[in-house]
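Colleague: Fold the stuff below for me.
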Amino acid sequence: MNNCQKNIVRGTELTVTEPMFTGSYRNAKYAGDRQWAGVVVADKYGDQGKHWFTVQVTESGHESIKVGGKVRRQGKNLYGHCEILGQPENIDQLTKLKAICREANSTF
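Modeller: Residues are numbered from 1 along each chain as shown. Take a look at the predicted model:
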């Protein structure tokens with residue numbers, strides 16, 4: 001699925017395969033991928049228009065991500081590393097609400 005076609009809203013079920021790195025950000029070394037799955041429980045647009053998601057973890061293949069815990073990811077990273085498994089029944093309403101929130105936090 002193309003990233004442009006993905007629509008993540010509250011209630012979206014997804015799997016994530018994200019890269020991990022070791023070392024400092026200036027000298028980071030790729031350490032492999034970690035996989036986990038979860039359900040989006042919250043989303044927010046920050047001051048600079050960045051979209052953030054909070055995901056309740058339902059499955060994890062790596063010790064750094066705990067089942068039952070929550071992780072927070074920026075939308076630009078989540079969209080690029082996830083597969084959507086399911087959407088809530090009221091996705092149309094949630095998509096409209098997301099657009100309103102984006103517009104309210106946009107900077108000009």
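Colleague: in the chain, which spans are helices?
Modeller: Per DSSP state H, the chain carries helices over the ranges 75-80, 91-104.
Colleague: what's the distance between Gly80 and Cys101?
Modeller: Applying Cβ to Cβ, to the nearest Å, the value for Gly80 to Cys101 is 21 Å. C-beta coordinates here come from the backbone N, C-alpha and C atoms, glycine included.
Colleague: Out of the helices of the chain, which gets the lowest mean score?
Modeller: Lowest mean pLDDT within the helices of the chain: helix 91-104, a mean of 83.
Colleague: what helices or strands is that helix leaning on?
Modeller: strand 29-45 (3 or more Cβ pairs under 8 Å, 6 or more residues apart in numbering; DSSP states H and E).
Colleague: Now do the contacts for the residue nearest to Val40 when sequence neighbours are not counted.
Modeller: Distance criterion Cβ to Cβ, 6 or more residues apart in numbering; nearest residue to Val40, sequence neighbours excluded, is Thr12 at 4.6 Å. Residues in contact with Thr12, defined by Cβ atoms under 8 Å, 6 or more residues apart in numbering, are Val39, Val40, Ile84, Gly86, Gln87, Pro88.
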